[in-house]
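>>> Show me the folded form of this:
(chains A and B)
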2 protein chains.
Amino acid sequence: MKSPGLDVGVLGVLPVRAAQLDSPEAVDAWLRSAGSVERSRQVGAMSRARLTSFVSLLDATTGPELLGSIDTDLATRIVGAADTAQAARWMKAIETDEAAEILRRLSNSTRDTLLDQIGGPQAEVLREVLRWPPTSVAAHMLPDVFTIPDSITAAEAEELVRTQSAQVRGRARHGALIYVTDAERRLIGFLDFQDLVLAHPDQPIAELSSQDPVWVRPLVDAEQAAQSLVDYDLAALPVIDDQRRLLGVLTADAAADIIDTEATRAAERQGGSEPLEVPYLRASPFRLWRKRIVWLLVLFAAEAYTGTVLRAFEDEMEAVVALAFFIPLLIGTGGNTGTQITTTLVRAMGTGQVRLRDLPRILAKEMSTGFLIAATMAAAAIIRAWTLGVGPEVTVTVSLTVAAIVLWASLVASVLPPLLKKCRVDPAVVSGPMIATIVDGTGLIIYFLIAHATLPQLAGL
Amino acid sequence: MKSPGLDVGVLGVLPVRAAQLDSPEAVDAWLRSAGSVERSRQVGAMSRARLTSFVSLLDATTGPELLGSIDTDLATRIVGAADTAQAARWMKAIETDEAAEILRRLSNSTRDTLLDQIGGPQAEVLREVLRWPPTSVAAHMLPDVFTIPDSITAAEAEELVRTQSAQVRGRARHGALIYVTDAERRLIGFLDFQDLVLAHPDQPIAELSSQDPVWVRPLVDAEQAAQSLVDYDLAALPVIDDQRRLLGVLTADAAADIIDTEATRAAERQGGSEPLEVPYLRASPFRLWRKRIVWLLVLFAAEAYTGTVLRAFEDEMEAVVALAFFIPLLIGTGGNTGTQITTTLVRAMGTGQVRLRDLPRILAKEMSTGFLIAATMAAAAIIRAWTLGVGPEVTVTVSLTVAAIVLWASLVASVLPPLLKKCRVDPAVVSGPMIATIVDGTGLIIYFLIAHATLPQLAGL
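This is a model prediction of the structure:
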């Protein structure tokens, strides 16, 4: 135990700092103490020169170990900083799906050179994985799978799996499954290593294996497949072609990575930005600018419309200047109400809890909630208008407006995400800033219309 | 294969609709076709009466199967709708950690009755798990673990594990590990079932097992422990006491649930709402109102300050009414800029990529990005002011203000989340609505100060 005061640790290992990484032994000790987040942090912070000297310390064991654990962006940089022969050796030692992710990020020429250097059947398998569209589940699958026939016994299966283990990579994956297939490699069932160990040696595989495997087609969207894996609580999801032949599996590890990446993208979209696609600390100010400015300008253009609305109601504001005092408060409340709804909805849609056909239920729920919130906020608005001393007429105007804007924001915010989903647009683009922008301009129109109806001073305008 | 056109499916199983769930056989077929999301949706939509008749169809196999797969909120409802004897039988059949989650949600009296009915050593183990604080990793751990000494061979270990499998529950978990302990149950190392199958029968366990297990203390925050599990890419994280004795393990399944729940909470906080704590479709309008109204009122009170600012600058707005046209646009842009930054930062902090000590790097990055964005937005503001025809002076005021507000929002948004984290407050509470509210009032002050400095018309005010 490294220290009695510590909460989480690695038995018998002392932490190593990046600054001490000056020998292959130090790198080895560092890998034993640092998790993937810490590894990515420290390697990600290295300058180009420091990275090159660090990469030269990696060997046939530590190289693949590091590449398999850090994020793909960084793994690609390390492969780029190593010499081709060494990089090829490492790529041969890591999981096929991780190698494919790295190769996909390299330039065409680097990728081809590396694949030529890898050579043999492994390069063939990698080329095949790379041929699938990058968003398909097939592009993320592990083609190496243990397969056994269902006519043998548990003891024979153990023997067979042992002989396969030389070819089947992905050995390091915990919880890898064994698939039962027929002579044409058509999927019949599956079992896990635990079933094999706990079985009586003479038990037939047909009796041990589960018979209703959940499967997925190769071209299915990777995120959808990853969610199915979680949904059915699987260790791996088999990918089969239209002949029911097993092409490979999506592992729980790969699924977790896909879901995590997608959740980060959704969070960034929800914040009104394009997804960064690299870890935040490694995003340059120029990249941040590029990813953010698009939506800022779109929203600025849309929000500019509020200026037109206000100019149209210039006379009203000159007649009752107190109306202007409430502009930020009213549109702010509308934006807040809308943001609360879209954020909850987009998350519930992202995890599959809410679907398109739930729209009527969503609307009923949100409009009922909207009435409760509108009533509460109207009361709050009366108090605020009274403390500002703007007189009873403006108080009525403001509290009616706040209620109307809350209801309007509730409607827009509950309809927009399902609607975009229907148009096959990621509903996460309905960000807080977007809903606020939509409610701002329209909310101002509602405000001045209510003012016209309630304020005698505006009767002539 | 259920249909050739389908993308994801279960081999040899036809989907069953909730309406057809009128016999134990139908329930069995339904469970084989529906994943956990679909199960939760359909059961969650049932009326109280429908649920009771559905629960009476569950038997000793389908009851535990359903309870183990749906969300805890719903599982608790099902346990509540079943009679105590049957509920106890089901609770005995599901994983200890899942049973504990359900028991924790029941009322004290129901919990005690159920635990008495469960009885025996299992009730004792459950009572022990329930004694840990609910946010600690120990409250989420699986106490049943395979343990072997390191002095035996692989063949002997297989034999030992087989005899343990009667007592050790959690058998259904794929990828469960086998822990190597000494005579005092002190943790030495671990291996997985795959290692055991692939090993030569005579190979000693001491040679087969990994020697540097990552461990965690029982009182560590469950989310932190779950992230460590992901970080070190483990199938399970052992929980040890200060004598290094193995208390149980946090499984990858449980960790994924914890991370998922935490991500939903963070998303809801980021949308300016309190976490709902139940799936969206099952949240009543009253619950939604209660979770949302708190922050809406807080933000309303904070935003009310903008009214005070605007009244203070009433004379300026009367002198140059065009200044009012730009209020929503200027504060909107400030809010959008801030929201982009906090969302990205909060997500990066939530996944452990960014920590407190990164604050200087965050500031440097965000202020550089802020300058690029400020310059771009100032240019956009010039165009907008020109199209509104407000004259060169107001144009200068507006474009200077937009630049200043972008920089101000960047500063506030990059400092606030790490600062709250330091005060042990969840940084996710820095929602888009909150940052927008902070920037609104302060942004208006910046606006009128710049207006005073640039507009000759305001010289006397």
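>>> Just give me the residue right at the centre of chain A.
With distances taken as CA atoms, centre = their mean, A:E262 lies nearest the centre of chain A, 1.6 Å away.
>>> is it true that that one lies in a helix?
Yes: when classified by DSSP: H, G, I helix; E, B strand; the rest coil, A:E262 is found to be part of a helix.
>>> quick one: contacts for the spatially closest residue to it that is not a sequence neighbour?
Once flanking residues are discounted, A:E262 sits nearest to A:E223: 5.0 Å by CB to CB, 6 or more residues apart in numbering or on different chains. For every residue, glycine as well, the C-beta is placed using N, CA and C. Residues near A:E223 by CB atoms under 8 Å, 6 or more residues apart in numbering or on different chains: A:I258, A:I259, A:E262.
>>> where's A:E223, which helix or strand?
Using DSSP states H and E, A:E223 falls within helix A:222-231.
>>> I figured A:L130 hits A:I102, correct?
No: using CB atoms under 8 Å, A:L130 is not in contact with A:I102; the gap is 10.8 Å.
>>> Of these two, which one has the most company?
Each of A:L130 and A:I102 has its neighbours counted (other CB atoms under 10 Å in any protein chain shown); A:I102 has more, 24 against 15.
>>> just how off-centre is the helix or strand harbouring that one within its chain?
Using DSSP H and E, A:I102 falls within helix A:96-105. Between the centre of helix A:96-105 and the centre of its chain there are 18 Å (CA atoms, centre = their mean, to the nearest Å).
>>> What are the buried residues along that helix?
Neighbour-count burial for helix A:96-105 flags A:T96, A:D97, A:E98, A:A99, A:A100, A:E101, A:I102, A:L103 (criterion: 16 or more other CB atoms under 10 Å in any protein chain shown).
>>> what do you get for stretch A:360-380?
Buried residues in stretch A:360-380, counted by 16+ other CB under 10 Å: A:362-363, A:365-366, A:368-374, A:376-378, A:380.
>>> Could I have the CA atoms of the helix or strand containing A:T337 written out in PDB?
Secondary structure from DSSP H and E places A:T337 in helix A:327-350. Output of helix A:327-350 as PDB, limited to C-alpha atoms (Å, rounded to 0.1, in the frame of the first residue of the first chain):
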ATOM      1  CA  ILE A 327     -36.200  43.600 -20.800                       C
ATOM      2  CA  PRO A 328     -33.300  41.600 -19.500                       C
ATOM      3  CA  LEU A 329     -35.300  40.100 -16.700                       C
ATOM      4  CA  LEU A 330     -38.200  39.000 -18.900                       C
ATOM      5  CA  ILE A 331     -36.100  37.500 -21.700                       C
ATOM      6  CA  GLY A 332     -33.700  36.000 -19.200                       C
ATOM      7  CA  THR A 333     -36.500  34.200 -17.500                       C
ATOM      8  CA  GLY A 334     -37.800  32.900 -20.800                       C
ATOM      9  CA  GLY A 335     -34.300  31.700 -21.700                       C
ATOM     10  CA  ASN A 336     -33.800  30.000 -18.400                       C
ATOM     11  CA  THR A 337     -37.200  28.200 -18.600                       C
ATOM     12  CA  GLY A 338     -36.400  26.900 -22.100                       C
ATOM     13  CA  THR A 339     -32.900  25.900 -21.200                       C
ATOM     14  CA  GLN A 340     -34.100  23.800 -18.200                       C
ATOM     15  CA  ILE A 341     -36.500  21.900 -20.500                       C
ATOM     16  CA  THR A 342     -34.200  21.300 -23.500                       C
ATOM     17  CA  THR A 343     -31.300  20.100 -21.300                       C
ATOM     18  CA  THR A 344     -33.400  17.500 -19.500                       C
ATOM     19  CA  LEU A 345     -35.100  16.400 -22.800                       C
ATOM     20  CA  VAL A 346     -31.900  16.200 -24.800                       C
ATOM     21  CA  ARG A 347     -30.300  14.100 -22.100                       C
ATOM     22  CA  ALA A 348     -33.300  11.800 -21.800                       C
ATOM     23  CA  MET A 349     -33.400  11.400 -25.600                       C
ATOM     24  CA  GLY A 350     -29.600  10.800 -25.700                       C
END
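>>> same question for it, mean pLDDT?
The average of the pLDDT scores along helix A:327-350 is 94.
>>> Please see if that helix touches chain B.
Yes: judged by CB under 8 Å from any CB of the partner chain, helix A:327-350 comes into contact with chain B through A:327-329, A:331-333, A:335-337, A:339-348.
>>> A:P133: what's it in contact with?
By CB under 8 Å, 6+ apart, the contact set of A:P133 is A:A139, A:L219.
>>> quick check, it in a helix?
No: in this structure, A:P133 is coil, not part of a helix, as judged by three-state DSSP.
>>> any chance you could read off phi and psi for it?
phi -60, psi 140 (degrees, to the nearest 10).
>>> and stretch A:43-57, C-alpha only, in CSV?
Output in CSV follows, covering the C-alpha atoms of stretch A:43-57 (Å, rounded to 0.1, in the frame of the first residue of the first chain):
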residue,chain,number,x,y,z
VAL,A,43,2.1,12.9,-22.1
GLY,A,44,-0.4,15.5,-23.5
ALA,A,45,1.5,18.3,-21.8
MET,A,46,4.9,17.3,-23.3
SER,A,47,6.5,19.6,-25.9
ARG,A,48,7.2,18.1,-29.3
ALA,A,49,10.9,17.6,-28.5
ARG,A,50,10.1,16.1,-25.1
LEU,A,51,7.6,13.7,-26.7
THR,A,52,10.1,12.5,-29.2
SER,A,53,12.7,11.6,-26.5
PHE,A,54,10.0,10.1,-24.4
VAL,A,55,8.8,7.9,-27.3
SER,A,56,12.3,6.6,-27.8
LEU,A,57,12.2,5.2,-24.3
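>>> Please see if that stretch touches chain B.
No: Stretch A:43-57 lies out of reach of chain B by CB under 8 Å from any CB, never closer than 8.7 Å.
>>> Could you find the residue in the stretch 1-150 of chain A that comes nearest to chain B?
The minimum distance from the stretch 1-150 of chain A to chain B, using CB to the nearest CB, falls at A:G35 (3.5 Å).
>>> Quick check: pLDDT value at that residue.
Per-residue pLDDT puts A:G35 at 86.
>>> quick revisit: for the residue nearest to the centre of chain A, give me its contacts.
A:E223, A:A226, A:G350.
>>> Could you check how far the second one is from chain B?
Relative to chain B, A:A226 is positioned 11 Å away (criterion: CB to the nearest CB, to the nearest Å).
>>> need the next SSE after the helix or strand bottoming out on mean pLDDT in chain A, C-terminal direction.
Across the helices and strands of chain A, mean pLDDT, DSSP states H and E gives its lowest value to strand A:8-10, namely a mean of 69. Remark: after strand A:8-10, the chain's next helix or strand is helix A:24-33, criterion DSSP H and E.
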